[in-house]
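Asker: quick one, structure for this:
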Amino acid sequence: QVQLVESGGGSVQAGDSLRLSCAASGRTFLNYALAWFRQAPGKDRDFVAAISWNTGRTYYADNVQGRFTISRDSTKNTVNLQMNSLKPEDTAVYYCAAGLQGLTPQKGAYAYWGQGTQVTVSS
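Answerer: The predicted structure follows:
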């Protein structure tokens, strides 16, 4: 049974930083891409960043490039999202996802999802 469990969300001020973690279990993720998506109230779930578990190659949405960094820790089976220079528009529930279709921003390509963690950025 694949499980993705997010942690690290919270409430911060604009300009602050947060680090999200996703603990992945239930299978070997060597051939998977692990990704972060986010969903603000009343909006679609949007792609944030993805990483290839095998190669470490990364892919970012334009609006987080340079501020967010995705990484994986193979020893702990976690995927992390370091978020710097946070803005109020980054406020959303952040979801971890895993899929076999490579580094893609298409949420339909990810078969497994976590429950999400709330990030709130106030001005």
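Asker: surely Leu20 and Glu6 touch.
Answerer: Yes: between Leu20 and Glu6 there is a contact under Cβ atoms under 8 Å: 6.2 Å. To be clear about C-beta, it is placed using only N, CA and C from the backbone, and glycine gets the same treatment.
Asker: find residues that contact each of these two.
Answerer: Tyr94, Cys96, Thr117 (Cβ atoms under 8 Å, 6 or more residues apart in numbering).
Asker: pretty sure the second one contacts Ser25?
Answerer: Translated: Cys96. No: between Cys96 and Ser25 there is no contact under Cβ under 8 Å: 11.8 Å.
Asker: identify the bridge partners of the residue sitting nearest the centre point of the chain.
Answerer: By Cα atoms, centre = their mean, the mean C-alpha position of the chain lies nearest to Trp36, the distance being 2.2 Å. Beta-bridge partners recorded for Trp36 (DSSP bridges): Ala49, Cys96.
Asker: and it, what does it touch?
Answerer: Trp36 neighbours (Cβ under 8 Å, 6+ apart): Leu20, Cys22, Val48, Ala49, Ala50, Ile70, Val79, Leu81, Tyr94, Tyr95, Cys96, Ala97.
Asker: that's all I had, so thanks and see you.
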